[in-house]
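[1] show me how the following folds:
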Amino acid sequence: MNSTRAFKIPTFWRTNPELWFKQIESVFYTTRITADASKFHHVVSSMESEILAQVSDIILNPPETKMYEALKTRLIERFSESEQCRLKKLLTEVELGDRKPSHFLSEMRQLANGKVTD
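    Coordinates of the predicted model:
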């Protein structure tokens, strides 16, 4: 079932595409958009041209099935930091500064992505 209610997909988060997809999937859920093609076209219509250029092969020739998943996977792969970069940043660049310790810990957990224990 698909909804015809109007909604706005937030601007793509280059720094955290995985979290961005979680946010828009919540929008899809609350607006009852379940069709693969609808999800694909909503994402494509909300993207900036420079982002679309990075995945133009999928936009121009989408797979017959799982178009949305193919686009999602490619965008996450293209714009996410590698695990090695995140761990290097965690070990060498992250500092407490003037942040609350809980915010600092949250950033560290995000960078570790479950690969390092507290």
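
[2] which residue sits closest to residue 18 in space, ignoring its chain neighbours?
    residue 76 (5.4 Å; CB to CB, 6 or more residues apart in numbering). To be clear about C-beta, it is placed using only N, CA and C from the backbone, and glycine gets the same treatment.

[3] isn't residue 59 right up against residue 52?
    Yes. Residue 59 lies in contact with residue 52 (CB atoms under 8 Å); the separation is 5.7 Å.

[4] which strands and helices sit next to the helix or strand residue 70 falls within?
    Secondary structure assigned from DSSP states H and E places residue 70 in helix 67-79. If you count contacts as 3 or more CB pairs under 8 Å, 6 or more residues apart in numbering; DSSP states H and E, helix 67-79 packs onto helix 17-30, helix 36-46, helix 49-54, helix 56-60.

[5] and residue 80, how far is that from residue 22?
    Distance of residue 80 to residue 22, given as CB to CB, to the nearest Å: 13 Å.

[6] likewise residue 38?
    18 Å.

[7] with residue 36 instead?
    Residue 36 is 18 Å from residue 22, by CB to CB.

[8] what's the answer for residue 103, then?
    Distance, residue 103 to residue 22, using CB to CB: 20 Å.

[9] could you do residue 51 as well?
    18 Å.

[10] between the two, who's got more neighbours?
    Counted by other CB atoms under 10 Å, residue 51 and residue 22 do not tie: residue 51 has more neighbours, with 18 against 10.

[11] what's the closest non-adjacent residue to the more buried one?
    Using CB to CB, 6+ apart, the closest residue to residue 51 is residue 12 (5.5 Å).

[12] next up, identify which helix or strand that neighbour is on.
    For residue 12, there is no enclosing helix or strand under DSSP H and E.

[13] is it true that it touches residue 47?
    Yes. Counting by CB under 8 Å, residue 12 touches residue 47, with 6.0 Å between them.

[14] great, nothing more from me.
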